[in-house]
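Peer 1: task: produce atomic coordinates for the following.
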Amino acid sequence: MQGKKQYQEKLFNQFQLSDRVPKDNFYRRLKDALDLDYLYPLTKGYYGSSGQKSIDPVVFFKLCLVGYLENITSDRKLIPHCSMRLDILFFLGYDIDDELPWHSTISRTRQLFPEQVFEEVFTKVFELCISKGMVSGHTQAIDSAPVKANASMDSLELKVPEEELESYLRSVRQISKRDKEEPFRKSKENKAGKGQQTMSASKKELQDITNRNNKWAKEQDQRPGAGNKGARYTSNKTHYSPTDPDARISVKPGKARKLNYLSQLTVDTSNHVITDIKAYHADGKDNQQLADIVKRVQRRLWNSGLLWENCVADTGYSSGENYAFLEKSQIKSFIPPHSTYKGSPDGFTYKESQDHYVCPQGKVIPFKKVFYEKKNNTKKKEYRASKKVCIDCPIRTQCLGKSAREKKFTVTYYRAQYERNIARVNSPQGRYMKSKRQSTVEPVFGTLTQFMG
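Peer 2: Numbering: from 1, shown residues only. Predicted coordinates:
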């Protein structure tokens, strides 16, 4: 016989939340595995001794974790989502008639705790992964990705030089009408410090901006499309964000300029466990951050009794200083060099024992000095032959050109480290490491951005 369900709310219910959450439910299993009681003594110093009780720090971090797992980036949306899920309420330690914290309380608590508290939570969870055999430690893959800042390009303001603003900028580049007027979105509060608001770039650096801006007309406002609100050339040398001073303007080929951070991620290749993650300024390069990343990861692994042997990364992390630093740290690098790297001029042979080069005509080009190149402050070695060696050379014009009298060239100071790294990258192990990087850190980044908020 056909049934028909009639619903009528009961005045009294006998209900136990634990009976309604299955034993194999993810959040029930996570509740049993994750013990966050150490947070009480860790965060005690950030609360007063009187007044209303705030949100439980354990509940706060569990709510943050639920937000990541459920791909919810808004605290306002997170609370109603949790209130509708029995398993999440059980995970948080709330009953069905308990009122969850107000969404603004989560935001204020996030601002209350310093970075060290979040770092401690990360380390504790990482140690839990190690205790379950999920981390091997010997091979770590590193990658980066820009993370969009919660700030608008429309609120950018010009940095102020020591001399009068407009006359100074006119002396180094053309400025658009937008920069002369108020921003489209004037910020309510300028959070940037004095250093961020002040023009620190030299005239040469600003001239470089002018050179990159040559495609624009003399007056930017006359350029086709200049009526669009985004029609201006912006740079971290000349602009800053008053709403988010840590955000930096960055761009990828074929994409619009945005205010971003640069997220650096390190992943253990055995089970895709994240061993380190940190946000840097987006105007920096990957190879500038590698030493800081390595020190942090190596210390964390060492404290857990694990030894780091292999560092795998893409070409963006390549530099002679990084190769030397990794060798000093007793870590093998598997980082492809830039295509611009040349161990020696074409046709010249390097003799390592005598530290000199032999030209195609069999003449010796000896080492002269070590110096730092001014442009990028890179350490280099200079090799130069004497005039009498080159004066009767049959290929002198082809080798030296019309004006030079002797052969002179520079190579990186870290040539030996480059060559050892290249040998590892091109070895069978190096090809295996490349596939491990592509199958670990890149998918983890994709999961974080697409499914974990």
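Peer 1: can we go C-alpha only for contacts and neighbour counts from here?
Peer 2: Fine.
Peer 1: which secondary element of this protein has the worst mean pLDDT?
Peer 2: When each helix and strand of the chain is scored by mean pLDDT, DSSP states H and E, helix 165-172 comes last, with a mean of 56.
Peer 1: how about the nearest residue to V364, chain neighbours excluded?
Peer 2: V358 (4.7 Å; CA to CA, 6 or more residues apart in numbering).
Peer 1: next up, the contacts around the one you found.
Peer 2: Residues counted as contacts of V358 (CA atoms under 8 Å, 6 or more residues apart in numbering) are 348-351, 364-365.
Peer 1: off-centre distance for stretch 98-111?
Peer 2: Per CA atoms, centre = their mean, to the nearest Å, the displacement of stretch 98-111 from the mean C-alpha position of its chain is 28 Å.
Peer 1: flag every buried residue along it.
Peer 2: 100, 106, 109 (16 or more other CA atoms under 10 Å).
Peer 1: what of stretch 116-124?
Peer 2: 121-124.
Peer 1: mind checking the SS state of the residue most central in space within the chain?
Peer 2: The centroid of the chain falls nearest to S263 when counting by CA atoms, centre = their mean (2.8 Å). Classification of S263 by DSSP: H, G, I helix; E, B strand; the rest coil places it in strand.
Peer 1: can you redo the buried residues of stretch 116-124 as TSV with secondary structure, pLDDT and distance to L89?
Peer 2: Output for the buried residues of stretch 116-124, formatted as TSV (DSSP: H, G, I helix; E, B strand; the rest coil; pLDDT from 0 to 100; distance: CA to CA, whole Å):
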residue	secondary structure	pLDDT	distance to L89
V121	helix	91	21
F122	helix	92	23
T123	helix	92	25
K124	helix	91	23
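Peer 1: ok, so of these, who is nearest D35?
Peer 2: Closest approach to D35 among the buried residues of stretch 116-124 (CA to CA): K124, at 9.4 Å.
Peer 1: just the strands in the stretch 201-350 of the chain please.
Peer 2: 239-240, 248-250, 258-268, 273-281, 310-312, 332-334, 349-351 (DSSP state E, counting those that start in this stretch).
Peer 1: those strands: which one's closest to Q450?
Peer 2: strand 258-268 (15.0 Å).
Peer 1: which residues are in contact with the closest one?
Peer 2: 135-137, 139-149, 151-153, 246-251, 273-282, 440-441, 444-445.
Peer 1: that strand versus strand 273-281: what angle between them?
Peer 2: 150 degrees (axes from the mean of the first three to the mean of the last three CA atoms, to 10 degrees).
Peer 1: tell me which strands strand 258-268 pairs with, and in which orientation.
Peer 2: Its sheet considered, strand 258-268 pairs with strand 139-148 (antiparallel), strand 248-250 (antiparallel), strand 273-281 (antiparallel) by DSSP bridges.
Peer 1: distance from that strand to the middle of the chain?
Peer 2: Distance, centroid of strand 258-268 to centroid of chain: 3 Å (CA atoms, centre = their mean).
Peer 1: near D292, how many other residues are there?
Peer 2: 9 (other CA atoms under 10 Å).
Peer 1: any of the contacts of strand 258-268 buried? List them.
Peer 2: If you count burial by 16+ other CA under 10 Å, the buried members of the contacts of strand 258-268 come out as 135-137, 139-149, 151-153, 246-250, 273-277, 279-282, 440-441, 444-445.
Peer 1: if we can go back for a sec, could you save the strands paired with strand 258-268 as CSV and add columns showing distance to Q14 and mean pLDDT?
Peer 2: Formatted as CSV, these follow (distance: least, CA to CA, whole Å; pLDDT from 0 to 100):
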stretch, distance to Q14, mean pLDDT
strand 139-148, 48, 91
strand 248-250, 56, 90
strand 273-281, 42, 93
